[in-house]
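Predicted structure and sequence below. I'll ask about it afterward.
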Amino acid sequence: MSDERLAIAGSGAIACGLAVVAAKLSDVHLHARSEASAERARGSIDKQRARLGDEAGPGAVTVTTDWAALSDATFFVEAVAEEPVVKGGVLGHLDSVAGPEAIIATTTSSLSVSELAVAGGRPDRFVGLHVFNPVPRMQLIELAFPTQASETTVARATALCEALGKTAVVVPDSPGFVVNKLLFPYLFSAVDFMEQHAMRPEDVDECMKLGAGHPMGPLALIDFVGLDVSAAIGREIGATIPPKVQALIAEGALGRKSGRGFYNYG
């Protein structure tokens, strides 16, 4: 069992989901960049905890806009947009409030953990903690470490994952790690196939769900991840972004979060 106290920077789906799961261990502080973001995060966290019912942890989740409120944590997690400059700025804030023995983590799904560790200011106490959305339901956490990471950092990060009820797999610090490196070429090939053969998204997805046993079809999954996020991951791993994906992004059709992608939501 881990006795880590988590602080999370971010107010999106990954940050809120991780806060809900981490409340199994202790009280959690989550930093949002504005009061409007904080209100949205509180609403998301309340809904997720209500949905979990008795499975929700006993810890309190406090959402704040004050960086100093995070200072008592022992494990700090950056969970903001998949942009190096944005992540670097947040990691710098975390380093400034974290105690000397604290570990800093990034939830990046495609960027270099070693490069982000420099922004985090403590490469020996840094880890890539790639959790998957929705965090309460998804079992896997990919752990990627910079070469400077200490044995203690590796042990504490692994113990945290186990305490959260997740399965940790140590993966190379390579763009996309394992899952996204293998997954997104498949997703993009599904888009190209649909376009080439004038198929409906529903039909492509039905084939892969019923024929391959996938819980979600590739077009629905891109919508769930977000077309803009999918394209960003694709660029980082060197995949070719389908013209259809680029066209939808240009139209503002980013998937579920915008109400339209390959499917219409509303």
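Here it is on my side, so go on.

Show me which residues of the helix or strand hosting Leu91 are buried.
If you go by DSSP states H and E, Leu91 is part of helix 84-97. For helix 84-97, the neighbour count (16 or more other CB atoms under 10 Å) marks Lys87, Gly88, Val90, Leu91, Leu94, Asp95, Val97 as buried. The C-beta positions use only the backbone N, C-alpha and C, and glycine is treated the same way.

Go through those and name the one nearest Arg256.
Nearest to Arg256 out of these is Lys87 (CB to CB; 23.2 Å).

if I pick that closest one, what's in contact with it?
Glu78, Val80, Ala81, Thr106, Thr108, Leu111, Leu116, Ala119 (CB atoms under 8 Å, 6 or more residues apart in numbering).

got any ranges where the stretch 1-150 of the chain has weak pLDDT?
1 (pLDDT under 70).

Please enumerate the helices of it.
13-22, 35-52, 84-97, 113-120 (DSSP state H, counting those that start in this stretch).

May I see the ones you listed organised as TSV, with distance to Lys209 added?
Listed next are those as TSV, based on distance: least, CB to CB, whole Å:
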stretch	distance to Lys209
helix 13-22	22
helix 35-52	23
helix 84-97	34
helix 113-120	33
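
do you know which of those helices lies nearest Gln246?
Nearest to Gln246, of the helices of the stretch 1-150 of the chain and by CB to CB, is helix 84-97 at 21.3 Å.

between that closest one and helix 113-120, how big is the angle?
50 degrees (axes from the mean of the first three to the mean of the last three CA atoms, to 10 degrees).

next one: helix 84-97 to chain centre, how far?
16 Å (CA atoms, centre = their mean, to the nearest Å).

Could I get the contacting residues of the spatially closest residue to Val178 that is not a sequence neighbour?
With sequence-adjacent residues excluded and distances taken as CB to CB, 6 or more residues apart in numbering, Val178 is closest to Val171, at 5.0 Å. Residues near Val171 by CB under 8 Å, 6+ apart: His130, Glu142, Leu143, Ala144, Phe177, Val178.

For the third one, list each beta-bridge partner.
Residues in a beta bridge with Leu143, per DSSP bridges, are Leu129, Val170.

my read: it touches Thr158, true?
Yes: Leu143 is within contact range of Thr158, at 6.8 Å (criterion: CB atoms under 8 Å).

Identify the residues contacting Leu94.
Contacts of Leu94 (CB under 8 Å, 6+ apart): Ala7, Ala9, Leu70, Phe76, Glu78, Ile104, Gly120.

Distance check, the last one against Val86.
Meaning Gly120. 14 Å (CB to CB, to the nearest Å).

got the contact list for Pro84?
By CB under 8 Å, 6+ apart, the neighbours of Pro84 are Leu111, Glu115, Leu116.

Please tell me which one of these counts the most neighbours.
Leu116 (23 neighbours; other CB atoms under 10 Å).

count of neighbours near the nearest residue to it once chain neighbours are set aside?
Computed as CB to CB, 6+ apart, the closest residue to Leu116 that is not its neighbour in sequence is Thr106, at 4.9 Å. Residues lying near Thr106 (other CB under 10 Å) number 29.

Specify the residue ranges that define each domain of the protein.
For the chain, the structural domains run 6-170, 179-258, going by automatic domain parsing.

Quick check: end-to-end length of the shortest one?
Spelled out, it's domain 179-258. 25 Å (CA to CA, to the nearest Å).

Give me the neighbour count for Trp67.
Neighbours around Trp67, by other CB under 10 Å: 15.
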